[in-house]
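Student: Predicted model, plus sequence, below.
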Amino acid sequence: MTRRYVVFGLGIAAAIAMIPVDGTPAAARFFEQGRSVAQSIHQTEVELKLIAKQKQVQKDARGKEQVIWNELKQDTMVKKGTVLRFQVIGKNTSDRPAEKLVVTQPIPKGTIYSLNSAVKGDAELTYSIDGGKTFSENPMILITLPDGRTGMQPAPADTYSHLRWVFDRAIAPKSAVEMSYEVSVR
């Protein structure tokens, strides 16, 4: 039996990114294959911080299982099936409201999105299954039915490529918003 491991280098991922936003998407690299995007129509700065955590299940003194989320350190090895939670914290560091904030997170390569795991807070949450070109609240795929007709069905988890949070309300100066989602290592 061969065990596969994935190494997540979080040196840059855990760093804080200062992103000037002026209506043009600005990107900050969090993982080698991933980007986060923050944008706004005003000249504000939104600081994005990405925190990756690994799910661990432990038993307490009574034998009851408890879920614990441990922050991943640089070059942590994770096995196939490991559940990871990515938490994005966006803080408006300016003295003006950050309006129309959009945060786009890729599903890291080598992982599968855990359906219904995203926490959206006050944002509209949409998903992409085409590499971030289009987004939908409920991505659908075209399938061929046994009788030869075609139909639509919900996209499977392994087709999800990105998540996007769109905040309609302004983010007040010096305040923060949090988003998160979970993936399983392939």
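Tutor: Here it is on my side, so go on.
Student: Nearest the middle, which residue of the protein would you pick?
Tutor: Q105 (4.4 Å; Cα atoms, centre = their mean).
Student: Help me confirm that that one is found in a strand?
Tutor: Yes - counting by DSSP: H, G, I helix; E, B strand; the rest coil, Q105 is part of a strand.
Student: Leaving aside the residues adjacent along the chain, what's closest to it?
Tutor: L163 (5.1 Å; Cβ to Cβ, 6 or more residues apart in numbering). For glycine as for every other residue, the C-beta is placed from the backbone atoms N, C-alpha and C.
Student: I'd guessed the one you found sits against S114; true?
Tutor: No - assessed by Cβ atoms under 8 Å, L163 is found out of contact with S114, at 11.3 Å.
Student: quick one, which of those two is more surrounded?
Tutor: L163 (25 against 18; other Cβ atoms under 10 Å).
Student: pLDDT score for that one?
Tutor: Note on L163: pLDDT of 98.
Student: for M77, same thing?
Tutor: 88.
Student: what's across from it in the sheet?
Tutor: V7 (DSSP bridges).
Student: how close does it get to Q54?
Tutor: 10 Å (Cβ to Cβ, to the nearest Å).
Student: Give me the more crowded residue out of these two.
Tutor: The residue with more neighbours, out of M77 and Q54, is Q54; 18 against 10, by other Cβ under 10 Å.
Student: Low-confidence stretches in this protein?
Tutor: Low-confidence segments of the chain (pLDDT under 70): 1-43.
Student: give the contact list for the most far-flung residue of it relative to its centre.
Tutor: Distance to the chain centre peaks in the chain at D147, reaching 38.1 Å (criterion: Cα atoms, centre = their mean). Contacts for D147 (Cβ atoms under 8 Å, 6 or more residues apart in numbering) come out as none.
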